[in-house]
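Student: need a structure here:
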Amino acid sequence: MIDDWDNLRVFLALAEEGSLTAAAKRLGVSHPTVARRIKALEDSVGAKLFDRLPDRFQPTETALELLHDAQEMERASQSFARRTAGLSGSHLGTVRISVDETMADFLARHLQSLRENHQCIEFEVAVAHTSANLSKREADLLIRFRVPDLSSIVGRKLATFAHAVYGTPAFARQLDGSDEALRALPWVGFDSEHIYMPGQAWQAEFLGERRPAVRTNNGIFLANAIRDGNGIGILPCFLGDADPELTRLTPILEEARVDHWLLVHADLRNVPRIRIVMDALARLYASHRREIEGEVGESEETARPAASYAFSPAERPAL
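Tutor: You can find the predicted model right below:
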């Protein structure tokens, strides 16, 4: 008989993670605690649950028979936690928002206005490229430009972000209005694993066989590298236009406009504190629409559809 359900949580984590260290990190416990609880569960079941291989813990046949039930129990526990989150009806508490580093920069700039009149709510902003798991309450809200195809996730469009090519004034002085001059400058961009980031497919197509001289997996590092004169690159307009060290070198790239969405688990959308923050975020993004869509820093030179950077149909990059 299994008399300690926490042992099943440890069992599930080890089965899915494959190592004591990874399971301990996921659960927020010590390495020995995982080993001790697995031993206690094996004693309770009366069978060995894992074979220790050189590179991982491999579930035995007995473990695989139990795995589905353990996963169902975890899903039920998560559902219970989500549904009970709003039963108190209180506006007090913490709301955890998961964003990438670029959106974190945007929120940090406007955090004071976001929190105005909502001092009773504590904000946690978790910064990562990978989306937090809303079902597991790793976050209450996600802000992302890709919407997961999950029936349990509810999405609300916040804004359409514009992007353009930016560089220092020194690079701007080297341009003569031709694609060739722009292409010949040194470039900064995301690495190959992050080609999905806005504008990167356009950039790759525009540069052809050339690769950016500096590549990164972090949008803020990219902006800093461009500011410090390491090359030119694509930035969201709200970020590039606000930087006095940068100049917009092209019109807004139509192919790089991207919608950002506010995502929430369906079970949590009516929790008072989460609903309050959702509405506050919607108002914040709406009030900064011109900044987000690149209208604030738009000059006559960059706004007009000039002959330069106006690709013919045969060579037009596409996302």
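Student: what ranges do the helices span in the stretch 151-300 of the chain?
Tutor: Listed in chain order, the helices of the stretch 151-300 of the chain (DSSP state H, counting those that start in this stretch) span 169-172, 179-184, 200-207, 219-227, 237-240, 272-287, 289-292, 300-303.
Student: cool, the stretch 1-150 of the chain as well?
Tutor: For the stretch 1-150 of the chain, the helices defined by DSSP H, counting those that start in this stretch cover 5-17, 20-27, 31-45, 61-84, 101-109, 111-115.
Student: Any idea which of these gets closest to Lys157?
Tutor: helix 101-109 (14.2 Å; Cβ to Cβ). C-beta: built from backbone N, CA, C; applies to glycine.
Student: ok, back up a step: out of the helices of the stretch 151-300 of the chain, deepest packed?
Tutor: Mean neighbour count (mean count of other Cβ atoms under 10 Å) peaks for helix 237-240 among the helices of the stretch 151-300 of the chain, with a mean of 24.
Student: closest to Phe50 out of the helices of the stretch 151-300 of the chain?
Tutor: Counting by Cβ to Cβ, Phe50 lies closest to helix 272-287 out of the helices of the stretch 151-300 of the chain; the figure is 38.4 Å.
Student: weakest of the helices of the stretch 1-150 of the chain by average pLDDT?
Tutor: Note on those: lowest mean pLDDT is at helix 61-84, with a mean of 73.
Student: which residues touch Val264?
Tutor: The neighbours of Val264, taking Cβ atoms under 8 Å, 6 or more residues apart in numbering as the test, are 134, 140-142, 153-154, 156, 274, 278.
Student: Any idea which helix or strand in the protein has the lowest mean pLDDT?
Tutor: helix 300-303 (a mean of 43; mean pLDDT, DSSP states H and E).
Student: on that earlier part again, for Gly208, which of the helices of the stretch 1-150 of the chain is the nearest?
Tutor: helix 101-109 (26.2 Å).
Student: tell me what the closest one is packed against?
Tutor: strand 121-127, helix 219-227, helix 237-240 (3 or more Cβ pairs under 8 Å, 6 or more residues apart in numbering; DSSP states H and E).
Student: List of residues touching that helix?
Tutor: Helix 101-109 is contacted by residues 97, 99, 114, 125, 127, 129, 143, 218-220, 236, 238-239, 242, 260 when judged by Cβ under 8 Å, 6+ apart.
Student: Please indicate which of these are buried?
Tutor: Buried subset of the contacts of helix 101-109 (neighbour count, 16 or more other Cβ atoms under 10 Å): 97, 99, 114, 125, 127, 143, 218-219, 236, 238-239, 260.
Student: Among those, which has the minimum pLDDT value?
Tutor: Taken together, those show their lowest pLDDT at Leu114, with 88.
Student: picking up where we left off before, filter the contacts of Val264 down to the ones in strands?
Tutor: Among the contacts of Val264, the members found in strands (DSSP state E) are 141-142, 153-154, 156.
Student: ChimeraX command to pick out the buried ones of those?
Tutor: In ChimeraX, a selection of the buried entries from these looks like this (16+ other Cβ under 10 Å):
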select :141,142,153,154
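Student: still on that earlier bit, go through the helices of the stretch 151-300 of the chain and name the closest to Gly46.
Tutor: Between Gly46 and the helices of the stretch 151-300 of the chain, the shortest gap by Cβ to Cβ is with helix 272-287, which sits at 44.2 Å.
Student: Return the distance of that closest one from the chain's centre.
Tutor: 18 Å (Cα atoms, centre = their mean, to the nearest Å).
Student: contacting residues around it?
Tutor: 86, 89-95, 97, 110, 113-114, 118, 121, 123, 140-141, 143, 156, 158-159, 260, 262, 264, 268-269, 292.
Student: now those: which count as buried?
Tutor: With burial judged by 16+ other Cβ under 10 Å, the buried subset of these is 86, 93, 95, 97, 114, 118, 121, 140-141, 143, 158-159, 260, 262, 264, 268-269, 292.
Student: Identify the residue spatially nearest to Ile153, adjacent ones excluded.
Tutor: Excluding its sequence neighbours, the residue lying closest to Ile153 (Cβ to Cβ, 6 or more residues apart in numbering) is Leu263, at 5.4 Å.
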